[in-house]
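Undergrad: The following comprises the amino acid sequence and a computationally predicted model.
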Amino acid sequence: KVPVWLDCDPGHDDAFALLLAAHHPRVNLLGVSTVFGNAPLSKTTLNAGALLTAIGKHDEIPLHVGAAKPLERPAHHPATEIHGESGLDGTELLPKPARAPSDVPAVEAMVKALKAQPPNTAWIVATGSLTNVGQLFRAHPELASHVKGVSLMGGSIGNGFTDAPMGEVDGKPRIGNYTPWAEFNVLIDPEAASEIFSNEALKGKISVVPLDLSHQVLATDDVRQLLLCGRDGTKRDDGKGKTVLRQMLVELLYFFAQTYATTFGITAGPPLHDPLAVALALSGTPDGIPFYDWDEKKSAHPRHEERFGVTVVTEGTLEDAASGKTQTGRTVAKVLPPGSAGVRIPRGCDTQKFWDVIEECIERADAL
Ligand code: BDR
Ligand code: CA
């Protein structure tokens, strides 16, 4: 099994990252930590506790509280327009957390759990702001050579990196989601993101799911039916799930679909960003979801495993970034010569397999 620490800010899509990390048969989920982001820290922590309870893992998987604000800046406002006031709006079926979070702070717990694993085996998966992970490597730089990798959902490449629908700004294809240039997780703590990408000891160990990839994995009506009814369930029109868990998860997806349609005009279904970062950490395992590290359009052969140098724009305020005056929070990725130790940024993945794996995880959670 792959040892994984999940750092998250639930969040509708973070909920599915938790499900995947907690119920994938190849994952040994060491612990979960929370960070501010989609909602303030108290709410993302409450949501994580509720989700662990809903999927039957509250006794097994420790929950630790992380940062309430970015490394250097005042906090960005939460993503209420996408995730609602609670950070997880859209369902009444979420249980109360059956267990309180641990008193041990996130960074302390991460260090202990990661160091207890053999060198070069454990992954950190980050699906919120990169603040906790930034703090971790500031306080314990030696961990960078100890972990196998960091897989994060964050950033956006743009300029035709993939054909994913990402909307337009002033008639031009947009790059970011929260500003014309920046993706939310990187935007809300650009210094933390920048420190991670420029960490020499993490060279060759970072994998990234940018919007260009996550916007290919849309929770369409068909996907919602699959998750609601199970693989061999009959299609239903009344919105009732085969189980309470299924119904709750699909209600979350339905809310997420509506906010994506209203805010970004994406009507085919909301992109399920965060669980892809979990899947990417597992992509080397025998039954991992395949990711494609090449541009199918450029040449079929040879299929170079592209690697990138990534920098983050950190100059400027978030207010100026919001109006498009500065590019604060933008991730700039330059392709490196073949064979270089750079950042892995796949251009595609096996979407059908991804949804099947998510569905199997729900089945496992329901069987507990
Ligand atoms: C990221 O921002 C959050 O709203 C989502 O949970 C995801 O982690 C997408 O930009
Ligand atoms: Ca998130």
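TA: Received the coordinates, thanks. Ligands and ions are numbered 1, 2, ... in the order given.

Undergrad: can we go C-alpha only for contacts and neighbour counts from here?
TA: Will do.

Undergrad: Around ligand 2, pick out the residues from the chain.
TA: The chain comes close to ligand 2 at residues 14, 127-128, as judged by Cα under 5 Å from the ion.

Undergrad: Most neighbours of all those residues, which one?
TA: residue 127 (31 neighbours; other Cα atoms under 10 Å).

Undergrad: you'd agree it is up against residue 16?
TA: No - judged on Cα atoms under 8 Å, residue 127 makes no contact with residue 16 at a distance of 10.7 Å.

Undergrad: quick one: common contacting residues for these two?
TA: Counting by Cα atoms under 8 Å, 6 or more residues apart in numbering, the residues touching both residue 127 and residue 16 are residue 274.

Undergrad: What are the neighbouring residues in contact with the most centrally placed residue in the chain?
TA: Centroid-nearest residue in the chain, with Cα atoms, centre = their mean: residue 274, separated by 2.4 Å. Taking Cα under 8 Å, 6+ apart, we find residue 274 in contact with 13-14, 16-17, 127, 153.

Undergrad: which among those residues are in contact with ligand 1?
TA: Taking Cα under 6 Å from any ligand atom as the test, ligand 1 is in contact with 13-14, 127, 153 out of the contacts of residue 274.

Undergrad: circling back to that earlier point, identify the farthest-apart pair in the contacts of residue 274.
TA: 16 and 153 (12.9 Å; Cα to Cα).

Undergrad: So for the two, which sits in the more crowded spot?
TA: It is residue 153, of residue 16 and residue 153, that has more neighbours when counted by other Cα under 10 Å, with 29 against 24.

Undergrad: Now that one: phi and psi?
TA: When read as degrees, to the nearest 10, the backbone of residue 153 gives phi -90, psi 120.

Undergrad: Same question for residue 165.
TA: phi -70, psi 120.

Undergrad: Roughly how far does it sit from residue 177?
TA: 12 Å (Cα to Cα, to the nearest Å).

Undergrad: who has more neighbours, those two?
TA: Each of residue 165 and residue 177 has its neighbours counted (other Cα under 10 Å); residue 177 has more, 19 against 16.

Undergrad: Surely that one is in contact with residue 183?
TA: Yes - judged on Cα under 8 Å, residue 177 makes contact with residue 183 at a distance of 5.1 Å.

Undergrad: Just read off the phi/psi values of the residue in the stretch 151-300 of the chain that ligand 2 sits nearest to.
TA: Relative to ligand 2, the nearest point of the stretch 151-300 of the chain is residue 274 (5.9 Å; Cα to the ion). Here is the backbone geometry of residue 274 (degrees, to the nearest 10): phi -70, psi -40.

Undergrad: Then residue 331?
TA: According to degrees, to the nearest 10, residue 331 has phi -100, psi 120.

Undergrad: how close does it sit to ligand 2?
TA: According to Cα to the ion, to the nearest Å, residue 331 stands 17 Å off from ligand 2.

Undergrad: Any buried residues in the helix or strand harbouring residue 138, and which?
TA: Secondary structure from DSSP states H and E places residue 138 in helix 131-139. The neighbour-count check on helix 131-139 (16 or more other Cα atoms under 10 Å) flags 131-137 as buried.

Undergrad: That concludes my questions; thank you for your assistance.
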